[in-house]
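Asker: this one's sequence-less:
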């Protein structure tokens, strides 16, 4: 894998939650492979390589961690756009949110999320949840082949600590 390529796109508007998530990912050796954006429009700009991300290198992220409640474009809007795009739909999207509302859960799965995680409130539980997310989506899951022209994704990250 190209050491400069990002593996995870973190879409989170709360700076404290973003830092906590990046810290948890860093504990599993992924800190240098995370790009953080703070709203849904920035997420789409990143994925479609437009505006401030027009010159980003690498292919699609191997995983999107997506909050639901954000300004400009919420997580459901981002999810619907990703899953309706021929070049993006195969990217696994994990909703990582504080909401445990059944309606949010239903809307996320209806829009095509691959998994839904309610953020644990205790740090140790959050670290454990992120460890399992990383183990599954980075080391165990076999991603779908890339569409022609969508860029290459490499899933070989080695063992997680």
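Answerer: Structure received. Bear in mind that the values here come from a model prediction, so they are computed numbers and not experimental data.

Asker: what about the residue nearest the centre of the chain, distance to residue 122?
Answerer: In the chain, the residue lying closest to the centroid (CA atoms, centre = their mean) is residue 64, at 1.5 Å. Distance, residue 64 to residue 122, by CB to CB, to the nearest Å: 25 Å. Every residue, glycine included, has its C-beta placed from N, CA and C.

Asker: again with residue 44
Answerer: With CB to CB as the criterion, residue 44 and residue 122 are 33 Å apart.

Asker: of these two, who's got more company?
Answerer: Using other CB atoms under 10 Å, the more surrounded residue of residue 44 and residue 122 is residue 44, with 22 against 8.

Asker: what does the more buried one show for phi and psi?
Answerer: phi -70, psi -40 (degrees, to the nearest 10).

Asker: nearest residue to it other than its sequence neighbours?
Answerer: residue 81 (5.9 Å; CB to CB, 6 or more residues apart in numbering).

Asker: tell me the pLDDT at the one you found?
Answerer: Predicted confidence (pLDDT) for residue 81: 96.

Asker: ok, residues contacting the host helix or strand of it?
Answerer: According to DSSP states H and E, residue 81 maps onto helix 75-84. Where contact means CB atoms under 8 Å, 6 or more residues apart in numbering, the residues beyond helix 75-84 that reach it are 11, 40, 43-44, 47, 64, 66-69, 88-89, 91, 93, 95, 97, 107-108, 111-113.

Asker: what about the closest residue in space to residue 145 that isn't next to it in sequence, distance to residue 44?
Answerer: Leaving aside its chain neighbours, residue 145 sits nearest to residue 90 (7.9 Å; criterion: CB to CB, 6+ apart). Look at residue 90 and residue 44: by CB to CB, they are 16 Å apart.
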